[in-house]
Structures are given as structure tokens and as C-alpha cells.
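S.K.: Any chance you could fold what I've pasted below:
(one chain, ligands or ions: 1)
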Amino acid sequence: MGFAGKAVIVTGAGKGIGKSIALTYAAQGAKVVIAEKDPSLGETTLAAIKDFGGEAIFCPTDVTRPEDIQNLMAETDAAYHRLDILINNAGIGITKSPYDLTVEEWDLVLNTNLRGAFLCAREAAKIMRRQGGGSIVNIASTRAFMSEPNTEAYSASKGGIVALTHALAVSFAADKIRVNVISPGWIETGDYSQLREIDHLQHPAGRVGRPDDIARACLFLTDENNDFITGANIIIDGGMTRKMIYEP
Ligand code: NDP
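M.R.: Numbers count the residues shown, from 1 in each chain. Here you go, the predicted model:
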């Protein structure tokens, strides 16, 4: 219960990696704020935490809406009177040729992934500095560093998150707020048993990633004992981005 009494916001906590992160902090004794735009998904995560006796609230939040983010921070402050940890996890992607991607589609991806992370960090930091410090983890992607075709908006947003992280780490340092980023590779959030052997074996680690691989890294980065780590990017991809590929 290393995080007992800590208040933690997780954006996009309704499913996938965000849900795993929310459950992991709750299991460690933290008070979790589920910031999710889909009410049924948010309620599902809340019920899963309550099921094992954890502490959480659900605050409906669309991170593209600055007013929702203001409300998220106000609700967190009202419920727990503090905020120790923010996990900027909410994210979307659109796969479409750069010749056809519209301004609206570009803006939706950037406003969700990058502007949303910035606004959440800015507003969270106002509470954190009041109490003498805190910790922020942004979730980027290995797609900040490598690409498949037709992923311009997503890749740009994730590259932006990596840069945003070191900028905020330096700006917030005086307020004892650490800011780090995790760049996941392939993290299977669906039916893990449906994966093929080739899916696993193309990873040097021998397997595809799972949401809890990312959740444990969040615990590590936000552990107060690790207060020498700020502005860091941890790539968690089973070694995929380190592997050279040549045709045999
Ligand atoms: P999912 O799509 O499974 O979950 C994302 C969650 O975020 C959903 O609950 C979604 O709700 C929510 N969300 C989307 N838009 C918003 C918004 N505007 N405001 C609030 N919540 C929102 O994604 P993953 O779990 O796979 O990914 C989580 C993060 O990890 C993302 O940032 C993603 O880019 C990143 N990532 C994932 C990888 C993977 O392999 N899974 C690899 C690398 C990075 P709704 O369903 O209603 O849209």
C-alpha cells in the first residue's frame, strides 16, 4: 500500500491501459479520480475499484474541453483536498493518408493527445505546488520515434508529448513537481489469447506487452523515493525499437 492517502488522476481510465493504471493505484491504497469521457466506461472502472474495497470517484471529463479539465481539478480538490499524481493517458489516433487528413481530424487528435495533456498538467500543477510538490506521467508512444504510413497526427502528437515533458519538467522543477513520460510499444488491450506466436516472437522480450507493464512503470516513476527522475522518457516496448530488421 505504498500510495496510501495519495490522490491520483488518471485520464482515459475507462478501459485499456488507463483502466489498468487506475486499478493498480487503487490497489496500492491511492484515492483515484477516474477522468473519462464515456460515462458507462467510467462507471465500470469505478465499480471494479469499489469491488475490492478501493477508493475512487468518477469525474466525467473530455480532455478536449478546457472547462471539463477545470471541473476535474475542482472536483478532485473538493473530494480529496489534494492532488499528488496525474497520469495523462487519454489518447486517440486516426489512420488516414496525409493527403486526405482534414483540419478537423488533425485538430481532434492534437487537442486530445497533446493540448489535453498540457492543460491537465497546467491545472494539476496549480494544486500540486500549493501542497509542495507532485508527479506527472505522460503517456506517449514509440510512434513518437518511428512510424507506419498514414499516422501523421498521432505521431506528431506523441512526439509533442515527449518534448512537452522535458519542457514542463524544467518549468515545474522549482515547485517540486516531477514530469516524466512513458513511450509504450505494442500493448494489447483486447484478447491477449488471440495473439499469434509471431506477434510475440518479433519482440526481443518474447511477448507482446500488457497494460500492467505500463501501470507498474507509472508506480515506479511516481514513487517519492525516485525523486531524482524527472524529464525522463522510458520506452516500454519489449525491445522492438532497438531491433534491426533486414530481409533474410
Ligand atoms: P484505449 O482506446 O483502449 O483507451 C483510451 C481511453 O481514453 C478510452 O477509455 C477513451 O474513451 C478515453 N478517451 C479518448 N478520448 C478522450 C477524451 N477526449 N477525454 C477523455 N478520455 C478520452 O487506448 P489504450 O489503452 O490502448 O491507450 C492508452 C494510451 O496509451 C493512449 O494515449 C495511447 O495513445 C497510448 N498508447 C497505447 C499503445 C497500445 O499499444 N495500446 C501503444 C502506445 C501508446 P472512449 O472509448 O470513450 O473514446
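
S.K.: Dump the host helix or strand of R122 to PDB, restricted to CA.
M.R.: Using DSSP states H and E, R122 sits within helix 116-130. What follows is helix 116-130, C-alpha atoms only, in PDB (Å, rounded to 0.1, in the frame of the first residue of the first chain):
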ATOM      1  CA  GLY A 116      -5.300  17.800 -23.300                       C
ATOM      2  CA  ALA A 117      -2.100  16.700 -21.700                       C
ATOM      3  CA  PHE A 118      -0.800  20.200 -21.400                       C
ATOM      4  CA  LEU A 119      -4.000  21.700 -19.900                       C
ATOM      5  CA  CYS A 120      -4.300  18.800 -17.400                       C
ATOM      6  CA  ALA A 121      -0.700  19.300 -16.400                       C
ATOM      7  CA  ARG A 122      -1.100  23.000 -16.000                       C
ATOM      8  CA  GLU A 123      -4.200  22.800 -13.900                       C
ATOM      9  CA  ALA A 124      -2.900  19.900 -11.800                       C
ATOM     10  CA  ALA A 125       0.300  21.700 -11.100                       C
ATOM     11  CA  LYS A 126      -1.600  24.600  -9.500                       C
ATOM     12  CA  ILE A 127      -2.900  22.200  -6.900                       C
ATOM     13  CA  MET A 128       0.400  20.300  -6.600                       C
ATOM     14  CA  ARG A 129       2.500  23.500  -6.000                       C
ATOM     15  CA  ARG A 130       0.100  24.600  -3.200                       C
END
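
S.K.: which is the next helix or strand following it?
M.R.: Next helix or strand after helix 116-130 toward the C-terminus (DSSP H and E): strand 134-139.

S.K.: what are the pairing partners of that following strand, and which direction each?
M.R.: The strands that strand 134-139 pairs with in its sheet are strand 85-88 (parallel), strand 177-184 (parallel) (by DSSP bridges).

S.K.: What average pLDDT does stretch 223-242 get?
M.R.: Here stretch 223-242 scores 98 as its mean pLDDT.

S.K.: residues of it that come out buried?
M.R.: The neighbour-count check on stretch 223-242 (16 or more other CB atoms under 10 Å) flags I229, T230, A232, N233, I234, I235, I236, D237, G238, M240 as buried. In short, each C-beta sits where N, CA and C put it, glycine included.
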